[in-house]
Structure formats: structure tokens, C-alpha cells
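> next comes the sequence, and after it the predicted model I'd like to discuss.
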Amino acid sequence: MKLFSQVRFLLQITRTHGIVRRYFVVNGFDGALTMSGIIIGFLFSAADNLTIIINACLGAAVALGMSGLSSAYISEVAERRRELQKLQEAMVTDLQESAHGEAARWVPMLIALVNGLAPLLISILIITPLWLAKLNVPLPFPPLYMSIAVALVLIFFLGVFLGRIANISWLRSGLQTLLVAIITAGLIYLLVGD
Amino acid sequence: MVSVKRLVLDVLKPHHPNALEFARILAGVGKNYHVTVTVSEVDEKTETLQVIIEGPAIDFDAIQDAISDQGGSLHSVDEVEVHSGPKQE
């Protein structure tokens, strides 16, 4: 609990709540759309080797996670350092030992973690039906369709989350993100479909 | 036993944490502290505060640490009220 309130305090003094939220949605959406794209591609290619599909998805998921982690860390370290430097100049004092110095060290790690974990966890959720099918767990629909359904549900919920942040209709916002996924599926069909 | 009962401080601090959070943290330094914060000047990145702390026995060093932990800097001690206990025979 103390760690949670400390994290909240650091995010508050650096005013980075919004950045964390934005990174979560943007990269989570990236993960969901990439996974659904790969799976739809496999579906249109009539591929039935689950191991190959899972490995391709997992490879993309890890790459998305690492890309999110490293890019956010590098850019946020630079941003936080710059902010701290400007604040130190205004205060005419060294703030390294203060909460602001601590925030400049910890906030980039936190943002990088959110940016990296969002696509990774969302991708793992989307791949789960494929794993279950591989373990011979009975599913109500074919595994590729199940994975696409999970991806669409997650994409819809990311839209709902955005709608709640923006204080607009959650249904409209959810349907908007869902529409993006459907357009993506249509484009993939045009490019690789029979 | 001599105890500090009231302090009036001139503090420069960044905008965040804000005056409310800043006062809360100072009040949490000791028991029964009564803290009043008045923002007297606001600049682009900083603000100047007049901080009044009242309490049965104010720990000045702990207050100073709490101010610098939040990125603040104590400019001056403008007013002090100190009480001494009854003389021991």
C-alpha cells in the first residue's frame, strides 16, 4: 500500500498520470491489433499448425513488449532529466535527493514497464485460446476464431476505457475502436485473402 | 525543557506537490501539528510560500528535511515562538 501511494505521489509531482494512461492504451491497442492481424493472416492462409501460429504470435508479442519497454524508457529518461534540470535552474538548488530527483529516476522505469507490459499481456490473452487448443482443452469455436474474438473484445474494452477517460459515450468509443479492427481485418483480406 | 511552539517560514518550492499536499506532508511530520500555508508569489516553475507551523514541540530539523524532500528550499525563518518548561530545582 505504501509503495502504491509512493508511486501515485511520484506520478502526481511529475504530472505523468496521463502519459502512463496514454501509453497503456496506445501500446495495448498496438498489441491487440498486431495479434489479430497475424491471426487473421493465418486464418486466410488456411494454416492449421498451431505451434507455428503460436510461435509467430509470441515472437511478435515479445518484440512489441521489448520495443515498448526500451523506446519509452529512453525517451522518458531524457524527458524527466530535462524537466528536472529546468526545475533545478528555477529553484537554484540541487534536487537529486528530493522527491523530484527520485521521480526522475523511477518514473521512466514505471512508464517503460506499462508501455512494455500492455502489449505483451494483451497479446498473451489473445494467444491463450491457441494454447488451450494445443493442450487439447475443448473450445466452443475453432481456436483462431476464438483468438480473434478475444482480440475484438479487448479492443472494444480499450475503446470503452478511452471513452470513460474522455467522458464521452463508452459504447460509441468502444464501437469506434472495434471499427478500426474490422477495417484492419478487411485490409488484410484484400491483401492476402483468396 | 525548551520547545518550539510556532514557526513562520519563507519557503520556495516547485508547483508540485501543490500547497495542500505540501501542508499535509508537513503536518504529518509530528503529532498535533497545525500547518497554515499561504502562497505569496507564483512564478513559471516555482512558488513562494509563507508556512506557519504550530504544535506542542516542533522538530525543526524534521520540518527542514520534509521541505527539501519535496524539492522545496527554506529561504528564511521569519518568526519563532519558543516556550521553556518550569525550572527544575
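That came through, no problem. Numbers count the residues shown, from 1 in each chain, chains lettered A, B, ... in the order given.
> which parts of chain B sit against chain A?
B:12-14, B:16-17, B:21, B:43-46, B:68-73 (C-beta under 8 Å from any C-beta of the partner chain). Where you see a C-beta, it was placed from the backbone N, CA and C, and this is true even at glycine.
> out of these, which are inside helices?
B:21, B:68-69 (DSSP state H).
> tell me where the model's unsure across chain B.
B:88-89 (pLDDT under 70).
> tell me where it has helices.
Using DSSP H, helices in chain B cover B:19-27, B:60-69.
> so which of those helices is nearest residue A:153?
The minimum distance between residue A:153 and the helices of chain B falls on helix B:19-27, with 38.8 Å, by C-beta to C-beta.
> what residues of that closest one count as buried?
B:22-23, B:25-27 (16 or more other C-beta atoms under 10 Å in any protein chain shown).
> again, but for stretch B:66-78
B:66-68, B:70-74.
> next one: that stretch to chain centre, how far?
8 Å (C-alpha atoms, centre = their mean, to the nearest Å).
> phi and psi next, for the nearest residue in space to residue A:15 that is not next to it in sequence.
Take residue A:15 and drop its neighbours on the chain: the residue closest to it by C-beta to C-beta, 6 or more residues apart in numbering or on different chains is residue B:16, 6.5 Å away. Per-residue torsions, residue B:16: phi -120, psi 130 (degrees, to the nearest 10).
> against residue A:177, how distant is the residue positioned nearest the centre of chain A?
For chain A, the residue nearest the mean C-alpha position is residue A:28 (2.1 Å; C-alpha atoms, centre = their mean). Separation of residue A:28 from residue A:177 (C-beta to C-beta, to the nearest Å) stands at 11 Å.
> which neighbours do the two have in common?
residue A:158 (C-beta atoms under 8 Å, 6 or more residues apart in numbering or on different chains).
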